[in-house]
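K.L.:
give me the fold of what follows.
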Amino acid sequence: MSERFTIARLTHEGEHFEILVKPQSALSYRLGKVTSISEVLVTDTVFTDSNKGLKPSEDKLSKAFGTTDPLKIASIILKKGTLQLTTEQRKQLIEEKRKRIISFISRQCVDPKTNLPHPPIRIERAMGQIHFSIDPYKEVEEQAKEIVKLLRPILPLKMEKVSVAIHIPPEHASKVYGTAKGFGTIKREEWRADGSWFAVVELPAGLYGPFLEKLGDMTRGKLETKMVR
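P.N.:
Predicted structure coming up:
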């Protein structure tokens with residue numbers, strides 16, 4: 001692989017398609033940071049084997065992608081196919097995904113003995129013992145659930161949701177609404193005649209403490225909360 005370009009590949013019904021792309025621009029495009037496919041491509045040619053310079057027929061392109069437009073095809077390949085990463089890019093993506101997985105487990109899981117979340121550093125140390133290979137492209141939640149199963153013998157974990165009833169006074173109700181929705185799912189709500197807001201919010205057990213702390217800060221402690229079944 002050249003430092004100037006790398007390859008993105010997609011296989012559709014046994015047919016292989018490749019494009020040549022700029023490594024950093026291609027990764028940024030895949031992550032949604034770059035929107036122009038033209039900035040990514042080394043050439044707008046679609047190959048079946050770029051090393052040999054082999055190209056597919058227009059019929060094959062049309063059958064696989066519904067178009068023969070190379071820019072549209074390149075976008076599909078880059079978004080849905082496999083991008084060949086540089087060593088540094090792969091390390092960077094894996095590290096970012098690892099941090100997101102740790103954060104997810106810390107938010108979603110609690111220690112069944114205390115019903116409190118484990119600190120991220122404790123989860124990170126435990127992950128170091130199971131030697132799980134993080135996939136830079138695989139979804140955070142999917143990998144986190146696999147990791148939780150492997151961690152349980154060395155770190156007690158349970159994924160649980162709690163429901164919290166909150167009553168917010170009128171002067172804070174409107175600004176709290178969006179925050180509450182960001183923490184979990186509003187299962188029931190009621191705007192009362194005095195302008196106050198009542199709601200039952202379902203959220204991951206690991207977020208219960210941060211949720212109450214955030215709402216307490218926003219309302220300066222002027223709120224009512226209660227755990228509900």
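
K.L.:
could you find the closest non-adjacent residue to the spatially most central residue of the chain?
P.N.:
Most central in the chain under C-alpha atoms, centre = their mean is V140, positioned 5.2 Å from the mean C-alpha point. Once flanking residues are discounted, V140 sits nearest to R100: 4.9 Å by C-beta to C-beta, 6 or more residues apart in numbering. C-beta here means a position set from N, CA and C on the backbone, and glycine is covered the same way.

K.L.:
and the pLDDT for that neighbour?
P.N.:
According to the prediction, R100 has pLDDT 95.

K.L.:
mind listing the strands for the chain?
P.N.:
Along the chain, counting by DSSP state E, strands occupy 6-12, 15-21, 82-83, 109-110, 158-159, 161-168, 185-191, 197-204, 224-228.

K.L.:
for the chain, name the helix or strand with the lowest mean pLDDT.
P.N.:
strand 158-159 (a mean of 86; mean pLDDT, DSSP states H and E).

K.L.:
packing partners of that strand?
P.N.:
strand 109-110 (3 or more C-beta pairs under 8 Å, 6 or more residues apart in numbering; DSSP states H and E).

K.L.:
figure out how far the strand it packs on is from the centre of its chain.
P.N.:
19 Å (C-alpha atoms, centre = their mean, to the nearest Å).

K.L.:
kindly report the same for stretch 191-211.
P.N.:
For stretch 191-211, the distance to the chain centre is 25 Å (C-alpha atoms, centre = their mean).

K.L.:
what do you get for stretch 71-79?
P.N.:
So, by C-alpha atoms, centre = their mean, the centroid of stretch 71-79 is 21 Å from its chain's centroid.

K.L.:
and if you look at stretch 95-104?
P.N.:
The answer for stretch 95-104 is 9 Å, by C-alpha atoms, centre = their mean.

K.L.:
now it: buried residues?
P.N.:
By neighbour count with 16 or more other C-beta atoms under 10 Å, stretch 95-104 contains the buried residues 97-98, 100-102, 104.

K.L.:
these in helices, which ones?
P.N.:
97-98, 100-102, 104 (DSSP state H).

K.L.:
JSON lines for those residues, including distance to L155?
P.N.:
Conversion of those to JSON lines gives the following (distance: C-beta to C-beta, whole Å):
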{"residue": "K97", "distance to L155": "20"}
{"residue": "R98", "distance to L155": "16"}
{"residue": "R100", "distance to L155": "18"}
{"residue": "I101", "distance to L155": "14"}
{"residue": "I102", "distance to L155": "12"}
{"residue": "F104", "distance to L155": "15"}
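
K.L.:
for the residue nearest to the centre of the chain, give me its contacts.
P.N.:
97, 100-101, 104 (C-beta atoms under 8 Å, 6 or more residues apart in numbering).

K.L.:
picking that back up, out of the strands of the chain, which comes closest to K175?
P.N.:
K175 lies closest, by C-beta to C-beta, to one member of the strands of the chain: strand 161-168, at 9.1 Å.

K.L.:
ok, and what's touching that closest one?
P.N.:
By C-beta under 8 Å, 6+ apart, strand 161-168 touches 176, 180, 184, 187, 196-205, 208, 211-212, 215, 219, 223-229.
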